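In: next come a sequence and a model predicted from it.
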Amino acid sequence: MTVPGWFSEAKFGVFIHWGPYSVPAWAEPTGELGAVDPEMWFAHNPYAEWYWNTSQIEGSPAYEHHRTVHGGRPYDDFLDAWQAESFDPADWIELFARAGARYVVATTKHHDGVALWDAPGTGTRNTVHRGPHRDLIADLATAVRARGLRFGAYYSGGLDWYAGRRAVIRHEDLIDDYGRPHEAAYAAYALRQVRDLIDRYRPDVLWNDIGWPDAGMADLPDLFAHYYATVPEGVVNDRWDGAHADYLTSEYQANRQNEAAAHWENCRGIGLSFGFNRNEGPEHLLDPAAAVRLLVDVVSRGGNLLLNVGPKADGTLPGEQRAVLEGIASWTAAHAGAVYATRPLDPGAAMSHDGTPWIRWTRDDDHAYAFLADVPDSARGQVLLKTGPGMLDPATAVRLDGRPVRADAVPDGIVVTSAELGAPLPTVVRFALTTSRSVD
Ligand SMILES: CC(=O)NC[C@H]1N[C@@H](C)[C@@H](O)[C@@H](O)[C@@H]1O
């Protein structure tokens, strides 16, 4: 499993889930994937992009909502109601870039089968011929690359509730594999669309979801060969039913075992959903400090964070999601050097700490970076960093935000003394790695 340097150095990407489901934008904010009872999951699905499925499960709150608010109308009415009238891709990408994102992955076709480009085999059931009447993938890819970021394509290969078998997925359907389409016709349909995405947009990341149809598994070696020939620095994720993976993925709290891989990426929404969910309040969303600490934790363990935004149907980003990205941006402005193009510090060199204070580490060739947060007032501005002997030079301690800091060697590490250490947003102290010891 190898990835090009741009991906391992990128550390932070923004995921975009945007589709007809962004019109109802309705789900129950039940909880995080991996922390919700699977028996509950499908009828109370917090993923608003699953609206078509959830609203078909009789007795579910979504079913009632769809009946009472939308009169049980056909799902495709939402495609035509989706106007994207305020869509300004450059505005989105500027915010993502300021927040420190180095790549953007957008849904090109989600489980509802609606393509955000003029995809082969879709006739007029796509955003070029209906709803927005725009090639949204071209708009996004152009804006992303104009800002110097990498563009990735999300494609739902394993589930397509329109072109593939359309089974309402309840918990018991897990037995028959989610009602996933596996037949040759769908495999040919999906293969043709992914090849079209590669040839039109040369996505830097090929982000497939929910696996690939059985009848199409034999097509994948050629598909990947074509992809790498077309996009030499391209990266392929791991959701192709084991056919191939340049890196592994986890999602919220699910598949966390994949975070032991050499190259991995955790994806999640700013809230509990990928598609915009009007029912989410501040209590369901990460605040800026929590988002930054998630990014730092992931990077300190060698991963990338792919943090999702769910735009509204009109093309604006929800204010509360913008605010989180703005919060990340203001922190990143002073601390980018401790995050990007770094790697995990040898575990023996220093101890991370999940409690209070919260401590994480990264390193580059010459420095170690200590991230400190939630330092209690009782600590009176002092924190013990448990480091290996002679690893870091206390005399070289510098706070990246420019505030004064003092560091003194003590028997089991280094005591850092500085005012205003208690913020929930991490303070970063940089130390020179002493040349006397290799930390690798
Ligand atoms: C672990 C898994 O299979 N997740 C599927 C899940 N992926 C998210 C990024 C969203 O696209 C969900 O809508 C999708 O079901």
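Out: All right, it came through fine.

In: what is the neighbour count of the closest residue to Pro24 other than its chain neighbours?
Out: Of all residues not flanking Pro24 in the chain, Tyr51 sits nearest, at 5.2 Å (Cβ to Cβ, 6 or more residues apart in numbering). (Each C-beta comes from the backbone N, C-alpha and C, glycine too.) In terms of burial, Tyr51 registers 29 neighbours under the definition other Cβ atoms under 10 Å.

In: can I get the CA coordinates of the helix or strand encompassing Tyr51 in PDB?
Out: For Tyr51, the host element (DSSP states H and E) is helix 51-54. Coordinates of each C-alpha in helix 51-54 appear next as PDB, following Å, rounded to 0.1, in the frame of the first residue of the first chain:
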ATOM      1  CA  TYR A  51     -33.600  10.200   2.900                       C
ATOM      2  CA  TRP A  52     -35.000   8.200   0.000                       C
ATOM      3  CA  ASN A  53     -34.400   4.900   1.900                       C
ATOM      4  CA  THR A  54     -35.300   6.100   5.400                       C
END
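
In: list the contacts of the helix or strand following that helix.
Out: Once the chain leaves helix 51-54, the next helix or strand it forms, by DSSP H and E, is helix 61-70. Applying Cβ atoms under 8 Å, 6 or more residues apart in numbering, the set of residues contacting helix 61-70 from outside is 24, 26-28, 43-45, 51, 54-57, 72-73, 77.

In: show me what contacts the closest residue to Ala115 other than its chain neighbours?
Out: In this structure, Ala115 finds its nearest non-sequential neighbour in Asn126, 4.0 Å apart by Cβ to Cβ, 6+ apart. Taking Cβ under 8 Å, 6+ apart as the criterion, Asn126 is in contact with 114-119.

In: out of these, which sit inside helices?
Out: Judged by DSSP state H, the subset of these located in helices is empty.

In: hmm, back to that, next, give me the two most distant ones among the contacts of helix 61-70.
Out: Largest separation among these by Cβ to Cβ: His44 and Asp77, giving 23.8 Å.

In: between those two, who's got more neighbours?
Out: With other Cβ under 10 Å as the criterion, His44 and Asp77 differ in neighbour count, and His44 comes out ahead with 19 against 14.

In: surely that one and Asp37 touch.
Out: No - between His44 and Asp37 no contact is recorded; they are 9.3 Å apart, counting by Cβ atoms under 8 Å.

In: in the helix or strand bottoming out on mean pLDDT in the chain, what counts as buried?
Out: Ranked by mean pLDDT, DSSP states H and E, the helix or strand of the chain with the weakest confidence is helix 38-41, at a mean of 90. Neighbour-count burial for helix 38-41, with 16 or more other Cβ atoms under 10 Å as criterion, is recorded at Trp41.

In: repeat that for stretch 159-178.
Out: 159-164, 167, 169-170, 178.

In: which positions in the stretch 151-300 of the chain make contact with the ligand?
Out: For the stretch 151-300 of the chain, the contact set with the ligand under Cβ under 6 Å from any ligand atom comprises 209-210, 251, 254, 267, 274.
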